[in-house]
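Trainee: Build me a model from this:
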Amino acid sequence: MSESAPTPPLPAIAFGLLLVDDHPLFRESFGMAVRQLAPHIDVVTVASIIEATCQLERHPQRFDLVLLDYRMPGTTGLAAAIQLGQRFSDLSFGLISGEDVGVLASQAREAGLSAFLSKSMEMSELMSALERLGRGESCFHEPVTPPSPDTGCADFGLTERQMEVIRLLATGASNKVIAQTLGISPSTVKNHLDTIFDKMGVGNRLQAVVLARALLS
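Mentor: Numbering: from 1, shown residues only. This next block holds a predicted model:
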C-alpha cells in the first residue's frame, strides 16, 4: 500500500499590515523580521494612534490588518481598535501585547477583533499566525490556563461599585438613572465615570459604552 503524498503548504498571500506600537525597539525589530521572513507582507510600523489614522486615511487600500499594542499612551489598543474599526470597517484588527494573559485574548475576541498575539511568541509561531490572518482566519494566542469567567471589564482594575456603574452604562442608562438605581448622587456617578474612562483608556461616554458592551456581552 503506497503512502499518501504529504499535504503541500498553503501558498503565501500578499497583504498589508500596519503595526501600532509606541515601543521603538519592538516596533523596528518586528518590522525588520517581517520584511526578512515574509517579504510578501507589506508591513508599516507607526508609534501612535494618530499616525495609524493618518496612514489609513492616506492609503485606504494598502492595509488589510492592523495590529495594536494593548498598552498605548492615553488609551488601550482595544479601545482604539473598536474606534478605528467603526471608521475602517473593511479592515481586520488585532491586539499584540507583552502581557501574556488569557483575559486579553478573551477581550479581543468578545470585541469582534481578529487576533490577539503575544510578544513572547516564538518568531516562527508569530509568522505562522500572520499567515493565517492574511488568509482571513482569526488567531488568538492564549495561555494553557483558561481565563476566569469573571474577567472582562474587571481587568481594567475597576472596583465593585465601578463595575455596577459600567454595567448600567452599557444598557444606555443616563447618569440620573444610574444614580437612582444605585442610590447615589448624580455627582458621584460622574466621578465614577471619570475614573472609569481613565482606567479603560477611553475619551468619552460613547467609547465607554461600546467597549463595555463588547466586554460584557
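Trainee: what is the rounded mean pLDDT of stretch 22-40?
Mentor: The average pLDDT within stretch 22-40 is 91.
Trainee: contacts for it?
Mentor: Residues from elsewhere that reach stretch 22-40 (Cβ atoms under 8 Å, 6 or more residues apart in numbering): 12-15, 17, 19, 21, 41, 43-48, 69, 72-73, 119, 123, 127, 130-131. The C-beta positions use only the backbone N, C-alpha and C, and glycine is treated the same way.
Trainee: List the buried residues in that stretch.
Mentor: Within stretch 22-40, the residues scored as buried using 16 or more other Cβ atoms under 10 Å are 26, 27, 30, 31, 34, 38.
Trainee: Stretch 71-82 now?
Mentor: 72, 75, 76, 77, 78, 79, 80, 81, 82.
Trainee: want to try TSV for those, with secondary structure, pLDDT and distance to residue 182 as columns?
Mentor: Below are the buried residues of stretch 71-82 laid out as TSV (DSSP: H, G, I helix; E, B strand; the rest coil; pLDDT from 0 to 100; distance: Cβ to Cβ, whole Å):
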residue	secondary structure	pLDDT	distance to residue 182
72	strand	88	31
75	strand	87	27
76	strand	88	26
77	helix	92	31
78	helix	91	26
79	helix	91	24
80	helix	93	30
81	helix	94	30
82	helix	92	26
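Trainee: Mark out where each domain of this protein begins and ends.
Mentor: 15-140, 153-216 (automatic domain parsing).
Trainee: and these, which one is worst for confidence?
Mentor: Among the domains of the chain, domain 153-216 scores lowest, at a mean of 81.
Trainee: Give me the neighbour count for residue 69.
Mentor: By other Cβ atoms under 10 Å, 21 other residues sit near residue 69.
Trainee: try residue 188
Mentor: 16.
Trainee: and it, what is it in contact with?
Mentor: Residue 188 neighbours (Cβ under 8 Å, 6+ apart): residue 179.
Trainee: how close does it sit to residue 138?
Mentor: From residue 188 across to residue 138, the span is 41 Å (Cβ to Cβ, to the nearest Å).
Trainee: mind listing the strands in this protein by residue range?
Mentor: 15-20, 41-46, 65-69, 71-72, 75-76, 92-97, 115-118, 139-140 (DSSP state E).
Trainee: and residue 174, how many neighbours does it have?
Mentor: Neighbours of residue 174 using other Cβ under 10 Å come to 13.
Trainee: wait, what's in contact with residue 175?
Mentor: 186, 189, 190, 193.
Trainee: just residue 181 next, same as before
Mentor: Each residue near residue 181 by Cβ under 8 Å, 6+ apart is listed here: 168, 173.
Trainee: Distance of it relative to residue 82?
Mentor: Applying Cβ to Cβ to residue 181 and residue 82 gives a distance of 26 Å.
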